[in-house]
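Chemist: how does the following fold in three dimensions:
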Amino acid sequence: MEQTVAAPKAKIKFNSYQVSVIVLLALTQFTVVLDFMVMSPLGDMLMKSMSLSPSQFGLVVSAYAFSAGISGLLTAGFADMFDRKKLLTVFYIGFILGTLFCGLSTNYSMLVAARIITGIFGGVIGSISMAIVADLFPLQQRGRVMGFMQMGFGISQVLGIPISLYLANAWDWKAPFLMIVGLATIILAAIIIKLEPITKHLEVKNDRNALNHLWHTIKQRHYRIGFFATALLSLGGFMMMPWGSAFAVNNLHVTPQQLPLLFMVAGISTLFIMPLVGKLSDKIDKNILFAIASIWMILVVLVYTNLTPVPLWVIMIFNVAMMIGIMSRMIPSMALVTALPEMHDRGAFMSINSSLQQIAGGVAAGVGGLIVVQKDKFSPLEHYNTLGIVISVLSLIGIYAVYRVSTTVKARAAAK
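Modeler: Residues are numbered from 1 along each chain as shown. Below is the predicted model:
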């Protein structure tokens, strides 16, 4: 009996190389997430400096999302045919060049083009990272791995976004992108030196060409359940996020100088939340954790989107509460979804999953830009509370979708 208890404990212990992989993947996620997330806090500054309407800014966000989605679909067919380290390296180089183009943009058209290029490469990096995680870590470890990897999200809030806003306030909105380029170049060198080739999936015989492999992955019914769940999560997240800073500044009367502190406090909270949620998702039912977090997030979103000017500390509390809900949904759901594909389909599955995530996000950002209205660049956003209602409905449907994923994973595990 004692041996039975000891065995699982040995399985969840990370070796030194696994720790280094987690750090490298977390750092790549940090730069990719920061590149995308910084658009929200820079939103008000961009809309004012380029005289953009909410729908135009929504297009800037959607341009990245749609190009990332299309890129993911195009790469899905051959994602399992190459060393995952080489794929990560190539796409990370493209991401760096696209981000540099963003920092050099001088008008709206150039910015949209730059976001398209960045999305083509950056949007695939997440799926490659998830495939690497699924290859190197068993399901019993993935909750913790996801928790640590998603710390890139928290660190981007704690350090990345406040520093980016400081640089933007000191110079202009282009400075954060140039900072990301410099940091990502250093991380790229570390990936090339430290990460070992990841080729175990190539040992699995696969005679399908790229197009057939893509079609084979899409037509699997239990894979499509995961795709549906991921798309629903993205629809809710992308719909509200792009106008976060514009709502805070124009509706809640947060000053541009207070924005870095607001994002920093929310980010610090995620550094505590994510490891805790990662451990919880490995100890209790991931589906139950997701459902509880979804209800929590719905309640917070419905109140927050109806706020009028209140003290900064109240806004901070609501932002922390939203982070709790978002992270507590993201980690268990992604851990469940990664358990769906077989090893020889993981790269294609993750690419398609990432594509649908990005495309759904692009649709959400575009629809959100049509719902939200601003009479002029200094007036409050209108109909922001409508976004809260739409997000809440999508979250309720998401609870059912993740339940389907959970039952599928359990059924397949029991059949083995």
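
Chemist: what ranges in the stretch 251-400 of the chain fall below the confidence cut-off?
Modeler: Applying pLDDT under 70 to the stretch 251-400 of the chain flags the ranges 343-344, 346-347.

Chemist: which stretches in it count as helices?
Modeler: Using DSSP state H, counting those that start in this stretch, the helices of the stretch 251-400 of the chain run over 259-283, 286-304, 312-337, 346-371, 384-415.

Chemist: so, low pLDDT: which residues of the stretch 101-250 of the chain?
Modeler: Within the stretch 101-250 of the chain, the segments meeting pLDDT under 70 span 139, 142-143, 147, 150-154, 156-158, 201-214, 216, 237.

Chemist: could you pull out the helices for it?
Modeler: Along the stretch 101-250 of the chain, the stretches classed as helices by DSSP H, counting those that start in this stretch are 108-136, 139-149, 151-155, 161-170, 175-194, 210-218, 221-240, 244-250.

Chemist: tabulate those (CSV), appending mean neighbour count and distance to M274.
Modeler: C-betas here are computed from N, CA, C, even on glycine. Output for those, formatted as CSV (neighbours: other CB atoms under 10 Å; distance: least, CB to CB, whole Å):
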stretch, mean neighbour count, distance to M274
helix 108-136, 23, 15
helix 139-149, 22, 5
helix 151-155, 24, 5
helix 161-170, 20, 16
helix 175-194, 17, 20
helix 210-218, 17, 29
helix 221-240, 22, 16
helix 244-250, 23, 19
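
Chemist: save those as a markdown table, and put in distance to V405 too.
Modeler: A markdown table is the format used below for these (distance: least, CB to CB, whole Å):
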| stretch | distance to V405 |
| --- | --- |
| helix 108-136 | 15 |
| helix 139-149 | 13 |
| helix 151-155 | 21 |
| helix 161-170 | 31 |
| helix 175-194 | 30 |
| helix 210-218 | 16 |
| helix 221-240 | 5 |
| helix 244-250 | 28 |
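
Chemist: nearest to M327, of the ones you listed?
Modeler: The minimum distance between M327 and these falls on helix 151-155, with 7.6 Å, by CB to CB.

Chemist: re the thing from before, nearest to I128, out of the helices of the stretch 251-400 of the chain?
Modeler: Closest among these, using CB to CB: helix 346-371, at 7.2 Å.

Chemist: quick one on the thing from earlier: just name the most buried of the helices of the stretch 251-400 of the chain.
Modeler: Mean neighbour count, computed with mean count of other CB atoms under 10 Å, is highest for helix 346-371 among those, reaching a mean of 25.

Chemist: circling back to that earlier point, which one of the helices of the stretch 251-400 of the chain lies closest to L183?
Modeler: helix 259-283 (16.3 Å).

Chemist: I225 is nearest to which of the helices of the stretch 251-400 of the chain?
Modeler: Closest to I225 of these is helix 384-415 (CB to CB; 5.0 Å).

Chemist: how about the secondary structure of K85?
Modeler: helix (DSSP: H, G, I helix; E, B strand; the rest coil).

Chemist: distance check, it against S129.
Modeler: Counting by CB to CB, to the nearest Å, the gap from K85 to S129 is 11 Å.

Chemist: same thing with Y400?
Modeler: 28 Å.

Chemist: with A339 instead?
Modeler: Per CB to CB, A339 is found 16 Å from S129.

Chemist: ok, the residue nearest to L52 when sequence neighbours are not counted - contacts?
Modeler: Of all residues not flanking L52 in the chain, L46 sits nearest, at 6.4 Å (CB to CB, 6 or more residues apart in numbering). L46 makes contact with 39, 52, 57, 60, 173, according to CB atoms under 8 Å, 6 or more residues apart in numbering.

Chemist: one step back: closest to S20 out of the helices of the stretch 101-250 of the chain?
Modeler: Here helix 175-194 is closest among the helices of the stretch 101-250 of the chain (CB to CB), at 5.8 Å.

Chemist: S62 is in contact with A360, isn't it?
Modeler: No - judged on CB atoms under 8 Å, S62 makes no contact with A360 at a distance of 11.0 Å.

Chemist: joint contacts of those two?
Modeler: Counting by CB under 8 Å, 6+ apart, S62 and A360 have no contacts in common.

Chemist: possible to save the helices of the stretch 251-400 of the chain as CSV with distance to G123?
Modeler: Output for those, formatted as CSV (distance: least, CB to CB, whole Å):
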stretch, distance to G123
helix 259-283, 22
helix 286-304, 24
helix 312-337, 16
helix 346-371, 5
helix 384-415, 21
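
Chemist: which one of these lies nearest to L232?
Modeler: helix 384-415 (4.3 Å).

Chemist: for the closest one, which helices and strands make contact with it?
Modeler: Secondary-structure packing of helix 384-415 (3 or more CB pairs under 8 Å, 6 or more residues apart in numbering; DSSP states H and E): helix 221-240, helix 286-304, helix 312-337, helix 346-371.

Chemist: contacts for the shortest one next, please.
Modeler: When contacts are taken as CB under 8 Å, 6+ apart, the neighbours of helix 286-304 outside the stretch itself are 143, 240, 277, 280-281, 318, 321-322, 324-329, 332-333, 335-336, 388-389, 391-392, 395-396, 398-399, 402-403, 405-406.

Chemist: quick check: the gap between M316 and F66.
Modeler: For M316 relative to F66 (CB to CB), the value is 33 Å.

Chemist: please apply the same query to L289.
Modeler: In terms of CB to CB, L289 sits 31 Å off from F66.

Chemist: next one: S51
Modeler: 23 Å.

Chemist: neighbour count winner among these two?
Modeler: For S51 versus F66, the count of surrounding residues by other CB atoms under 10 Å is larger for F66: 23 against 11.

Chemist: got a list of what that one touches?
Modeler: Contacts for F66 (CB under 8 Å, 6+ apart) come out as 116, 119, 358-359, 362.

Chemist: can you redo those as TSV with distance to I192?
Modeler: Below are the contacts of F66 laid out as TSV (distance: CB to CB, whole Å):
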residue	distance to I192
I116	26
G119	23
Q358	26
I359	31
G362	31
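
Chemist: closest to F95 out of these?
Modeler: Closest approach between the contacts of F66 and F95, by CB to CB: G119, at 9.2 Å.

Chemist: no further queries at this time; thank you.
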